[in-house]
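K.L.:
sharing a model prediction with you, sequence too.
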Amino acid sequence: MERKLNMYKPQVIRRIFLCCLLGLLYPFSLLAQQAVDVTAKADTNSIRIGEQIKLQLTATLTPAQFKDANFKILFPVLPDSLDHFDVVTRTAIDTSVNQDQHILHQTFTLTSFDSGHWEIPPMRFEVITGANATSDSAVTLPIGIDVNTVAVDTTKAFKPIKAVQSVPWSIWDYWLYIAIGITIALVGIGIWWYLRTRPKTEKVVHVPTVSPYEIATQELKVLKEEKLWQQGDIKQYYTRLTDILRTYFEHQFNIAALEQTSEELLQNIKPVTKLNQQRDKLRSLLTIADLAKFAKLQPTADEHEDCMRKAEEILEWTKPKDGPAENVAGEKQQA
Amino acid sequence: MENTSSDIRQLNEKIHQASAFVDLLTMELGKVIVGQRYMVERLLIGLLAQGHVLLEGVPGLAKTLSIKSLSSAINAKFSRIQFTPDLLPADVVGTMIYNQQKNEFVVRRGPIFANFILADEINRAPAKVQSALLEAMQERQITIGDTTFKLDEPFLVLATQNPIEQEGTYTLPEAQVDRFMLKVVIGYPTKEEEKLIIRQNLNPEAATPIRPIIQPSDIIEARKLVREVYMDEKIEKYILDIVFATRNPEDYKLNKLKPLIAYGGSPRASINLAWAAKAYAFMKRRGYVIPEDVRNVCFDVMRHRVGLTYEAEAENVTSENILSEILNAVEVP
């Protein structure tokens, strides 16, 4: 008998060891295979027709499931329209943690336009586990929803459609515009006030110290001293002579004399000066000058002297009584 | 060889005598053309300066009568071509036709073989016809088949454009317009002039026919003298200043014109301005050019050579406005 017991002893010990080992590993295997807790919850079970329901789908994962790289849970993909329900909006899947449990949730906004008692069908979650991607399903319970119609008293007469109601005017609707307007007005008043009260700087009035007449007289004197025609530079002599006169007219009478031809100058000088009696002198001077400048005319020495004399006479005739230019600041008369 | 003072004096006298026909011609044309002295004067400038004239004006302003009378007064051949959309280059220059008797192709010359051509409403014909005419104007010769024909001198084209109707027209490109020496814009006659026109038309028997004053050879001689008209360096500089001011207005303190000008005058503008000024001086019986001559012809020579920008068009600025600004800013020598 004892010999028989000794014979079975190793087998018994082996079985006890196996049982202990199984006993130790069992909770872990249970934990791994534990089903995912999925729920579908509506915020109300009764709506009026067309009203909206918030349907929240939730999947609660244990920390082990959450950390398991092979573990995946796929939320149901709802079409835009279920039986008697329409999906208005859907959110993305969100995750939150509550006491080591990871809760995945997604919210759908549903509505219904069919009156009656309808069921939101069970929602099927796909659970994928293990290295070989074993697939399983977790299903929520159906949710009953009462969709009620609006009670209509058909015995009463139809009421007319109400007119468009106007919203009562309120100043507070425009407070921003009013504030901006007041600010701009204040800034404007401030600038105006500043410009009005700032210390004024005295405008420096440029008083020409030398009048155009004096300049022209001086230049004629220099031209005489240069003895250009005596040296044979007749063209230059008449160019300078007419330039002196034109510059004088330009500054004295604000005629754009430098940009005008002889004929135009004679025409335009008429209304602004008392040169009328002397216009023939100016004409003859300009004619000789043009011939000398553009036709290589060689006037006689007497004609050179005569032109200089005429230029001086014209200056004398037209010189202002008060000295300075008649209208220095005025606009140039355009031809 | 440089002209001396005595050369110019002699030339002046020579021109004074030779240009006497201008007044006679103007008087003769005045017998049938009431008013439009400006247009006649420009035609003579074109004729003497070997240029061509583009005339812009509404219908009925004696354009045809003017050039026809001018050709009669010069005893020259006149031809009128009405430009239409279906006109072909061969209709203008001529073509080769087959002579069955001689069994060969012979040249049939087109209406361009005349001294004075009136290209009426040039912008109504397509570009290929315009090009054919404008090439003939430039080269003064025509090639038909294998034969090249020199056009008779004097050769003057007066092309007309109607500024009112633009529909169904082929606007002349800038490069083609540039070939015209002058673009003359003519307006309506005055009340007095129009009264005379009515009287003249109501009593056509009283009208005196134009008699030839000079011969085409006289015009060719006059052209030689026009070429000799003395132009001083100062005048050349003045011409260049005007043309360059259209290209670079900012160099002449005309910055405000910069955004208004798309392109300025070409070297052909300078050449034509100089030619026209010389011709004008000749007509004024002078042997030398003065700034007045340049200014007088400036608008007609330059108005079609200054391109306007969209900005200028939007502001209703015309090339005349721009040229006025330039002439008022460029110093006269």
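P.N.:
Everything's here; your move.

K.L.:
contact partners for the residue nearest to B:L11 when sequence neighbours are not counted?
P.N.:
Leaving aside its chain neighbours, B:L11 sits nearest to B:G287 (3.9 Å; criterion: C-beta to C-beta, 6 or more residues apart in numbering or on different chains). In this view, the C-beta of every residue, glycine as well, is placed from N, C-alpha and C. If you count contacts by C-beta atoms under 8 Å, 6 or more residues apart in numbering or on different chains, B:G287 has them with A:295, B:8-9, B:11-16, B:228-230, B:281.

K.L.:
run the last query once more with 6 Å
P.N.:
Going by C-beta atoms under 6 Å, 6 or more residues apart in numbering or on different chains, B:G287 touches B:I8, B:L11, B:N12, B:I15, B:V229.

K.L.:
for the residue of the stretch 151-300 of chain B found nearest chain A, give the beta-bridge partners.
P.N.:
Distances between the stretch 151-300 of chain B and chain A by C-beta to the nearest C-beta are smallest at B:Y288, namely 3.8 Å. With DSSP bridges as the criterion, B:Y288 is bridged to B:Y230.

K.L.:
from B:A277, how far off is it?
P.N.:
10 Å (C-beta to C-beta, to the nearest Å).

K.L.:
more neighbours: which of these two?
P.N.:
B:A277 (28 against 25; other C-beta atoms under 10 Å in any protein chain shown).

K.L.:
list the residues that contact the more buried one.
P.N.:
B:V289, B:D293, B:V294, B:V297.

K.L.:
before we move on, what SS does it have?
P.N.:
helix (DSSP: H, G, I helix; E, B strand; the rest coil).

K.L.:
what sits closest to it if chain neighbours are left out?
P.N.:
Per C-beta to C-beta, 6+ apart, closest to B:A277 is B:D293, 4.2 Å.

K.L.:
next up, the contacts around that neighbour.
P.N.:
Counted by C-beta under 6 Å, 6+ apart, B:D293 has contacts B:A277, B:Y280, B:A281.

K.L.:
count of residues packed around the nearest residue to B:P249 once chain neighbours are set aside?
P.N.:
Distances taken as C-beta to C-beta, 6+ apart put B:L257 closest to B:P249, at 3.9 Å, once the chain neighbours are dropped. Applying other C-beta under 10 Å, we find 22 residues neighbouring B:L257.

K.L.:
surely B:L257 is in a strand?
P.N.:
No. Under the criterion used here (three-state DSSP), B:L257 is helix, not part of a strand.

K.L.:
number of nearby residues for the residue nearest to A:T91 when sequence neighbours are not counted?
P.N.:
The shortest distance from A:T91 to any non-neighbouring residue, by C-beta to C-beta, 6+ apart, is to A:T107 (4.7 Å). Neighbourhood size, A:T107 [other C-beta under 10 Å]: 17.

K.L.:
sheet partners, orientation included, of the strand or helix carrying A:T107?
P.N.:
Taking DSSP states H and E as the definition, A:T107 sits inside strand A:101-111. Strand A:101-111 pairs in its sheet with strand A:52-61 (antiparallel), strand A:85-90 (antiparallel), strand A:94-98 (antiparallel), by DSSP bridges.

K.L.:
confidence score at the residue nearest to A:T91?
P.N.:
For A:T107, the pLDDT comes out at 95.

K.L.:
ok, it touching A:L57?
P.N.:
No. Applying C-beta atoms under 6 Å as the test, A:T107 and A:L57 come out as separate, 7.7 Å apart.

K.L.:
pull up the overlap in contacts between those two.
P.N.:
Contacts common to A:T107 and A:L57, judged by C-beta under 6 Å, 6+ apart, are absent.

K.L.:
which single one of the contacts of B:G287 is nearest to A:G130?
P.N.:
B:V229 (111.7 Å; C-beta to C-beta).
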